[in-house]
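J.: The sequence and its predicted three-dimensional model are supplied below.
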Amino acid sequence: MNKQLVIKGLLLIPGLLMLMSAIGFLVQPEQAVESLGMILLDGIGRSSQVGDMGAFFACTAGFVFYGVARTEPGSLYASAALLLSAAAYRIAAWLLHEAEFAAEFIAIEIILFVWLVVLARLMVQPGETSDIEID
């Protein structure tokens, strides 16, 4: 089996997980927020909750799919940065705002960050270029 196909297949896993969450915010927002330890808010809070969280998951997935389709590691790094930022903000919420320490979510975000970065580096070996040319 082609090494690049295996790497790209492994890269799609976090993208599919993020896409499933993004779709969940569209079709079953109550279940989507509950899976993250929240309750579904009312009014403008619901708009922000569903909109912001859905956008986070949709963009994270989109960056993964784009990066895989175009063999573009920069897009994968963008997705990884979003996940690492979420972990950092969770830690800040715990340190600064008396939030419960969300060890499970932080671990998942850091594991997916490492997964994406390592596989993005393997996807384009030294001396190779991506499909995108910059003039």
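T.: It's in.
J.: which residue sits closest to the residue nearest the centre of the chain, ignoring its sequence neighbours?
T.: Note on the chain: the residue nearest the mean C-alpha position is residue 60, at 4.0 Å, using C-alpha atoms, centre = their mean. Nearest residue to residue 60 in three dimensions, chain neighbours excluded: residue 18, at 4.4 Å (C-beta to C-beta, 6 or more residues apart in numbering). C-beta coordinates here come from the backbone N, C-alpha and C atoms, glycine included.
J.: I'd like the next helix or strand past the helix or strand where the residue nearest to the centre of the chain lies.
T.: For residue 60, the host element (DSSP states H and E) is helix 43-70. Proceeding N to C from helix 43-70, the next assigned helix or strand is helix 73-97, under DSSP H and E.
J.: So which bits of that next one are buried?
T.: Buried residues in helix 73-97, defined by neighbour count with 16 or more other C-beta atoms under 10 Å: 73, 75-80, 82-84, 86-87, 90.
J.: What average pLDDT does the helix holding residue 60 get?
T.: Helix 43-70 shows a mean pLDDT of 98.
J.: Who are the packing partners of it?
T.: On a contact count with 3 or more C-beta pairs under 8 Å, 6 or more residues apart in numbering; DSSP states H and E, helix 43-70 meets helix 3-27, helix 29-34, helix 73-97, helix 103-123.
J.: 6 Å instead, please
T.: Helices and strands touching helix 43-70, by 3 or more C-beta pairs under 6 Å, 6 or more residues apart in numbering; DSSP states H and E, are helix 3-27, helix 73-97.
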